[in-house]
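K.L.:
fold the stuff below for me.
(3 chains)
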Amino acid sequence: MLRHAVTRLIQGLLVLTAASFAIYVLLGLMPGDPVDLIASGNPNFTPDDLRNLRELHGLDRPLVDRYFDWAAAALSGDLGYSRTFSRPVLATIPPFLANTAALMLASFLIALALGIALGLAAAANRGGAIDTAINAFAFVSAATPTFWLALLMIVLFAVTLGWLPASALPPPGEDGIWDKIRHLILPVTTLALVEAGEYARHMRAAAIDALAQDWVRTARAKGASRTRVVLGHVLRNALVPVATVAALGFGGLFSGALVTETIFAYPGMGKLIYDSIMASDFNLALACLLMASALVIAANFAADMVYAALDPRIGFGRARGDDT
Amino acid sequence: MRVAALAFALLALAFPAKAKDELTVGLSQFPATFHPMIDSMAAKSYVLGMVRRPMTTYDKDWKLVCLMCVELPTVENGGAKRVTLPDGKEGMEVTFRIKPDATWGDGKPVVADDALLTWEIGKHPRSGVTSGEGYRRILKIETPDPKTLIFTSDRVTFTYNDFSQYDFIPAHLERARFEQDPETYRRRTGYDTDTANPGLYNGPYRITNVQPGASITLEPNPHWAGRKPHFKRIFVRVIENSAALEANLLSGSIDYVAGELGFTLDQALALEKRQAARFDFNYVPSLLYEHIDFNLDHPILKDARVRRAMVHALDREALTRQLFEGKQRVAHSFMGPRDPMSAPDVPVLGFDLARAQALLAEAGFDRVVNGIRQNAAGERLSFEFGTTAGNRLRETVQQALQSQWRRAGIEVRIRNEPPRVFFGDGTSKRRFQLAMYAWFSAPESVPRTTLHSEMIPSEANGWQGQNYPGVREPEIDAAIDALERELDPAKRKPIWARIQTLYAQNAWVLPLYFRADPFVIPKWLTGIEPTGHQYYSTLGVENWRPRN
Amino acid sequence: MTGPEKRLALAGTVIAVVALAALAAPLIGWIVEYDPFETDLLRRYSPPSFANPLGTDELGRDVAMRLLFGARVSLAVGLAAALAASTIGTAIGLIAGYFGGRIDQILMRVTDAVLSLPVLPVLIVLAAVDLGKLGLPEGEASSLARIVVIVAAFGWPKVARLVRGHALALRERDFVRAARALGAGPWRIMWAHILPNCATPILIATALAVGGTILYESVLSFLGLGIQPPIPSWGNMLTGAQETIVQAPWLALWPGIAILITVAAINLLADAVQDRFDPRRRKA
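P.N.:
The predicted structure is shown next:
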């Protein structure tokens, strides 16, 4: 087990290194550089200005040279300077990361809790009306385009009913915990609703498996109540496969909330990555993408550890992206 | 369900009604820096308009006026004069007096040394300022006293007293930072490392807090000598998604959406139909000139008859009437009708399908196969048509144009790309056939970089210049050179008229319309005066206040 | 819950209706003499009426008609991307699983590496790269090809892992050993003996990928990187409607519902098929 873990860890680091190069080259292959972007729309640019800016941003040198410079600096802890935020990359990321962490943890936990509860309820009432309703919810949830749901939520709850704010971040004056929570309700609900379906399906399947085991029948025969059996035995055993799925899903969350963050005007990692790519802020984009890769690798590693300790049954991934 | 409704109602109660001495402004973009001289983003200009003032500006009537100076120097009032430079060429000497009560937010007066620092940073080749050309044209600055500046420039040009892009940089805070190492100055400037320092701002407001990517908080500058601003705090909230912007406005999270950088026209028109009771709708024709560049090196587009036919084939009047409800005016040249130098009698290539057909037939495209015109060699009248992907309004217009051209037997294939690709790799490297985008400028902007033949980007000149269509016309080149040197507006007028006439006749570019900025202003708010040019309404933020 | 057969019937019916509508779109357009590309600026945003049952969009085009044509594009792109991903994934999975050893090691590490890339950001980067330089078709159809390529490039590892698992188990089975003893070559065995036995899981994975692609296309459209107008897809119709969603939410309702129903039906179909053919789940 330990050897396996160490091997996987080393492999993870290798993959990360390869990914850094791949991402760097991909970013470099994108046509157009930041200076073109600065110049577009402004007819008062002179050729000298362009040349100077290009030199200043190091854009006149070959891509591979730039990568090795970057890698050497990165290893010494310097991830460079973000052009679009006018501050070092390392100082730019933390507030965005904190925002994303709040949004993601909240929606992840709620989705998981909701998914587990619904999955258990469906399994316990297998074949009944509740089961059918929960199943219908699960399939609809997994098939809903997030931005569509987010927009509908805003139109309904923020504009028409006026119950909740349309943006996820409280205005600068209001930074009490209550303000923060109030502003996060809509985006968290949106994300939780589209994520919960998947967990509910996995939970239901796992719980049905667990219910069929001999020891459950034994417990029932011994006179344990239905609720006790479900909560005490089935839940504990069914959680393991669900935890594996959850760990895998968690890795994609940090970069995957782009759409939700955009619609709820929330400065988080997904939007930061998108904006930095679109503005050709290479240093920032690279650091964020690497972080996202590292998280996916870490989550895969965690899932692998859980998986390795248990029955390695092969399941089918659902057809949904991280934030579709 | 009832419990949930109750909970929501309680949440709504906890939402305090906002006092009217605070204003929340919605903006669709976050500034990349707050340094006045680095990067030229619209969002930065918008925010900086509230916190600092350049020497001069164009006002809402498009007249050049003083902001930091006492009186606008002109040749007539003796503030400016022609001088002979040491090398024998002719230059100009312009004297500005800084307002005696102009003060930085920390109480220090705005002095000539601040303007000197601006020049030193601006002309330094590696300081990272966006456009150094204007500063390099200044040969010398004399400061006989702390409030007087005498600029000597290397040429005679009618824009001699336009210092609207000339900012003051507080030397008492920034000089040491700059002189320590000019090359890394842009990463150490107080505007980005110590943004809340009041000494950086000389306008009615100062920046007190920044949440990167999300919001900027402004509070009045206690040392501001002009009209006292009303609002105790202004929050600028950045919401990029336009549907979200609208939702935030309607739900009351923001009070006002920046007219220059907020809604699309389409959105404002839809909003007006339902929200006319809550907001005033003001559509201000601006200097944003939407047009389609023809690539003049394309074998078919080289032919002026084809280009003119393509203009004639479009019913631009109907397009603006139906798409924009007449709020945006059709353009016939690059110069807006509000511009004082706009020629009244520019040739108009109006909608005339018969004329278009005739011109195309004349150019050899005299047969129609499957609805598309062809010439004897079997070449089809078919072009690629690109614009910035994701810009809804442009995409809508593009599809309408495609539909109109098809009726004349001209096929355009839409090929859009994200702005970074469209500009970065397309227009600036002249890899396009038809390209739709906009130029934004100040009143009476000389089209040197966009029309002069020296400004055609090519491999040989390192893709420099912005004459993307590839206009090569000696008469235009000569007119541009003459224009810049002519100080008398009355004598400039005929030169401008000639340039506009040539531009329209030759159809090097297909003018579409001048964009109108939709200002959606809540009924209780007054004092916002849209300008329609690149010097935004925030330069008058001290006049913003609630209606009594 | 309803049995697999009932679910299969429900999902199948929905998918059949959508597919039929998509196939018949040009025919319907011909019958009602309506061109989904023809703009009519005088009839923008008109509410539902007899002539336009779902109203018209920002260019005065019939929403119902565009929904039908959008179904063609969305389904075609989904199918093409899913087939491409499955083909690549199946080939790699078969080779890795059947040969094992060093080949398996290398292929699976590559698979892991691709899986570790954060999907959405990399999709954005790829969508911004000019694929025209790589020899893909230019012009209006290029955005379609681009999405197919991008989704296929990221979709195959899941299938590869799945197929490898099955191939690994199958190659030790008696009928494979027998074939090998009879002198069949490895390619023949993979083709004739192993592939048919993992057909069901591959089919399910492909179906799920169709749904996934439709959702991805809508996200990319939302970001302005999806299928470019004037070609209608459900994703770009939805995106086109978002600007006026507060004023005219119904425009956004239809494409959203179309995506939702179709993707849900595809997932349901996959689930039902799995239940039917997976003996362990059927027993349970």
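K.L.:
contact residues of the stretch 51-200 of chain A facing chain C?
P.N.:
The interface of the stretch 51-200 of chain A toward chain C, taken as CB under 8 Å from any CB of the partner chain, is made up of A:122, A:126-127, A:131-132, A:135, A:139-140, A:142-148, A:151-152, A:155, A:159. For glycine as for every other residue, the C-beta is placed from the backbone atoms N, C-alpha and C.
K.L.:
could you pick out which of those are near chain B?
P.N.:
Filtering those for proximity to chain B (criterion: CB under 8 Å from any CB) leaves A:L151, A:V155, A:V159.
K.L.:
picking up where we left off before, buried ones among the residues of the stretch 51-200 of chain A next to chain C?
P.N.:
With burial judged by 16 or more other CB atoms under 10 Å in any protein chain shown, the buried subset of these is A:122, A:131, A:135, A:139-140, A:142-148, A:151-152, A:155, A:159.
K.L.:
now intersect these with the helices, please.
P.N.:
Members of those lying in helices (criterion: DSSP state H): A:A122, A:D131, A:N135, A:F139, A:V140, A:A142, A:A143, A:T146, A:F147, A:W148, A:L151, A:L152.
K.L.:
now do the contacts for the residue nearest to B:S458 when sequence neighbours are not counted.
P.N.:
Leaving aside its sequence neighbours, B:S458 sits nearest to B:R430 (CB to CB, 6 or more residues apart in numbering or on different chains; 7.7 Å). B:R430 makes contacts with B:N295, B:D297, B:I456, B:P457, B:S458, B:Y468, B:G470, as judged by CB atoms under 8 Å, 6 or more residues apart in numbering or on different chains.
K.L.:
who in the stretch 201-350 of chain B is up against chain C?
P.N.:
By CB under 8 Å from any CB, the part of the stretch 201-350 of chain B that sits against chain C consists of B:241-243, B:246-247, B:250, B:264, B:266-267, B:270-271, B:273-274, B:318-319, B:322-323.
K.L.:
nearest to chain B among the ones next to chain B among the residues of the stretch 51-200 of chain A next to chain C?
P.N.:
The shortest approach to chain B among those belongs to A:V159, at 4.8 Å (CB to the nearest CB).
K.L.:
hang on, that closest one packs against A:A166?
P.N.:
Yes - because the distance of 7.1 Å satisfies CB atoms under 8 Å, A:V159 is recorded as touching A:A166.
K.L.:
which helix or strand contains B:D61?
P.N.:
Element membership for B:D61 (DSSP states H and E) is empty, with no helix or strand holding it.
K.L.:
phi, psi for it please.
P.N.:
Summarising the backbone geometry of B:D61 under the convention degrees, to the nearest 10, its torsions are phi -100, psi 10.
K.L.:
re the thing from before, just the closest of the buried ones among the residues of the stretch 51-200 of chain A next to chain C to B:F178, please.
P.N.:
Looking at those and their distance to B:F178, the nearest is A:F147, at 45.0 Å (CB to CB).
K.L.:
need the contact list for the closest one.
P.N.:
A:V259, A:T260, A:T262, A:I263, C:S218, C:V219, C:F222, C:L238, C:Q242.
K.L.:
and which of the contacts of B:R430 is nearest chain A?
P.N.:
Nearest to chain A among those: B:P457, at 9.1 Å, using CB to the nearest CB.
K.L.:
name the nearest residue to the closest one, sequence neighbours excluded.
P.N.:
Nearest non-adjacent residue to B:P457 (CB to CB, 6+ apart): B:W463, at 4.3 Å.
K.L.:
and the one you found, how many residues sit next to it?
P.N.:
By the criterion of other CB atoms under 10 Å in any protein chain shown, B:W463 has 15 neighbours.
K.L.:
tell me the SS of it?
P.N.:
Three-state call for B:W463 (DSSP: H, G, I helix; E, B strand; the rest coil): coil.
K.L.:
distance check, it against B:P447.
P.N.:
Note on B:W463: its distance to B:P447, by CB to CB, to the nearest Å, is 19 Å.
K.L.:
what does A:A168 give?
P.N.:
Taking CB to CB as the criterion, A:A168 is separated from B:P447 by 44 Å.
K.L.:
try B:T217
P.N.:
From B:T217 across to B:P447, the span is 40 Å (CB to CB).
K.L.:
out of these two, which sits in the busier spot?
P.N.:
Here B:T217 and B:P447 are compared on neighbour count by other CB under 10 Å; more neighbours surround B:P447, at 25 against 20.
K.L.:
grab the nearest non-local neighbour of that one.
P.N.:
In space, not counting the residues next to it along the chain, B:P447 is nearest to B:F334; the distance is 6.3 Å by CB to CB, 6+ apart.
K.L.:
with B:G364 instead?
P.N.:
Computed as CB to CB, 6+ apart, the closest residue to B:G364 that is not its neighbour in sequence is B:N375, at 4.0 Å.
K.L.:
near that neighbour, how many other residues are there?
P.N.:
Counted with other CB under 10 Å, the neighbours of B:N375 add up to 16.
K.L.:
just list the residues touching it, thanks.
P.N.:
When the contact criterion is CB under 8 Å, 6+ apart, the partners of B:N375 are B:A363, B:G364, B:F365, B:D366, B:R367.
K.L.:
on that earlier part again, and which of the ones next to chain B among the residues of the stretch 51-200 of chain A next to chain C is nearest to B:V509?
P.N.:
A:L151 (37.4 Å).
K.L.:
per-residue confidence at that closest one?
P.N.:
Per-residue confidence (pLDDT) for A:L151: 89.
K.L.:
what's the neighbour count on B:D181?
P.N.:
B:D181: 11 surrounding residues under other CB under 10 Å.
K.L.:
repeat for the one 5 residues further on
P.N.:
The burial count assigned to B:R186 is 24, neighbours taken as other CB under 10 Å.
K.L.:
poorly predicted segments of the stretch 151-300 of chain A, please.
P.N.:
For the stretch 151-300 of chain A, applying pLDDT under 70 flags the ranges A:248, A:251-256.
K.L.:
which single residue of it ends up nearest chain C?
P.N.:
In the stretch 151-300 of chain A, the residue found nearest to chain C is A:A292; the distance is 3.7 Å by CB to the nearest CB.
K.L.:
in which helix or strand would I find that residue?
P.N.:
Per DSSP H and E, the secondary structure element for A:A292 is helix A:282-308.
K.L.:
related to what we said a few turns ago, SS state for the residue nearest to B:P447?
P.N.:
Remark: B:F334 carries the secondary structure label coil [criterion: three-state DSSP].
K.L.:
give me the pLDDT for it.
P.N.:
Residue-level confidence at B:F334 comes out at 91, pLDDT.
K.L.:
re the thing from before, what do A:V159 and A:A166 both touch?
P.N.:
Counting by CB under 8 Å, 6+ apart, the residues touching both A:V159 and A:A166 are B:A247, B:S251.
K.L.:
domain ranges for chain B?
P.N.:
Taking automatic domain parsing as the domain assignment, the record places the domains of chain B at B:2-33+B:188-285+B:517-546, B:53-178, B:287-516.
K.L.:
please identify which of the contacts of A:F147 is nearest to B:Y58.
P.N.:
For the contacts of A:F147, the closest approach to B:Y58 (CB to CB) belongs to A:T262, at 34.7 Å.
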